[in-house]
Every structure is written in structure tokens, then in C-alpha cells.
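>>> Following is a predicted model, sequence given first.
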Amino acid sequence: MLKNKLGLRYQGQLSAFEALSVAVRAEEPLPHGRFSAAHYCAVHRHLFQDVYGWAGRYRTVRMTKDRSPFCFPENIAGEMRALFARLRDADLLREREAKAFAEEAAAFLAYLNAIHPFREGNGRTQLTFTALLAAQAGHPLDLSRLEPASFLQAMIASFFGDEAPLRRHLWTLVGD
């Protein structure tokens, strides 16, 4: 059980509180920024501020999912700087056709997921930030088309090097 602001001790209660809190915060204006690692952390902090005291701060513990390790905590800051420097060098994916945007956004998202900088809330922060990135690049995502279960499977496939399903999902959400 993750340490949380309410001191909840049962996973079901924490999950329900987290879902409600994040949904409310997601409806508020999101933090503005320069699409940097600091901006990414600000988005996480905004979404999870009511739940976790550590919201917006990189994790300090090693994590795995289904025996697959995410980036070690001692490497997170450097990997995040490098990833967001590449995004900046790519002009935040601006001036691309929709399909090219989806391809490059999928690569960004796959790498970001492999870093997994936070203890909890990575997927929701990734999707929220990608929607912000897409909107500023002129390709707003239509999240009403999102199929959560298949999107999760595409994210898992991208973790193992197959970004094609994730590209297809993003292409569907861009829908130009």
C-alpha cells in the first residue's frame, strides 16, 4: 500500500479516492510549461496532489511489472533530461503530418513509459501530457476514441520494442 495523504490502508479505498481526485483535477486547467521534464512533473503533481505527498517527484525505489524492470531510480533524472531534450530538438513534434506525428509521439511515449518516473500514476500522466503535446502540435487527440484495454496492450508491446500497435492507436486518436 502506498503512503497517501489520507492514510488510507486498503487498496480499494485508495484506488477509489485516487480515481475521483484525479478525475476532478483533470477537469481543471493543466499546468502550462515548455514541454520539459519539469513540466511533465508539474502535470503529475497537479493530477495527484490530493493523493500523494510525493506527487510530481521521481521515485526512489526500483520497480518492475510482470518481472520487467523499469528505469532504475538513479538513472531517471538523466533519462528524462535526455528524452525531453530529444523532444525539444524535434521542435515538440510540430509541423508534421498526422501520421508522422503519431509515429514520433509513439516513440516518445514508449520511451517515457520505460522510464516510468513515478511510483504511481505514470499511465494517466503519460496520456494527459501526450494530449497536451498533441494539441500544441496541431493534432489534438480525440480521447473519446480511446479503448483503454487495447491501448494498455499497445503500451505493453511498446515496452518490449513493438511500437506498431501504439502508433496505430495514436493515429486513431489523432484521426486526421
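That came in fine, so what should we check first? Residues are numbered from 1 along each chain as shown.

>>> quick one, helices of this structure?
Taking DSSP state H as the test, the helices found in the chain are 11-27, 37-48, 73-89, 98-115, 122-136, 148-159, 164-174.

>>> now for the last one, which elements pack on it?
To tie it back to what came earlier, the one meant is helix 164-174. Applying 3 or more C-beta pairs under 8 Å, 6 or more residues apart in numbering; DSSP states H and E, we find helix 164-174 packed against helix 98-115, helix 122-136, helix 148-159. The way it works is simple: take the backbone N, C-alpha and C, and place the C-beta from them, glycine included.

>>> Export those helices to TSV and append columns for distance to Ala19.
Formatted as TSV, the helices and strands packed on helix 164-174 follow (distance: least, C-beta to C-beta, whole Å):
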stretch	distance to Ala19
helix 98-115	20
helix 122-136	9
helix 148-159	13
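
>>> how close does Gln126 sit to Glu97?
23 Å (C-beta to C-beta, to the nearest Å).

>>> higher neighbour count, the two?
A count of neighbours by other C-beta atoms under 10 Å puts Gln126 above the other of Gln126 and Glu97, at 21 against 11.

>>> how close does the more buried one get to Ala114?
Note on Gln126: its distance to Ala114, by C-beta to C-beta, is 11 Å.
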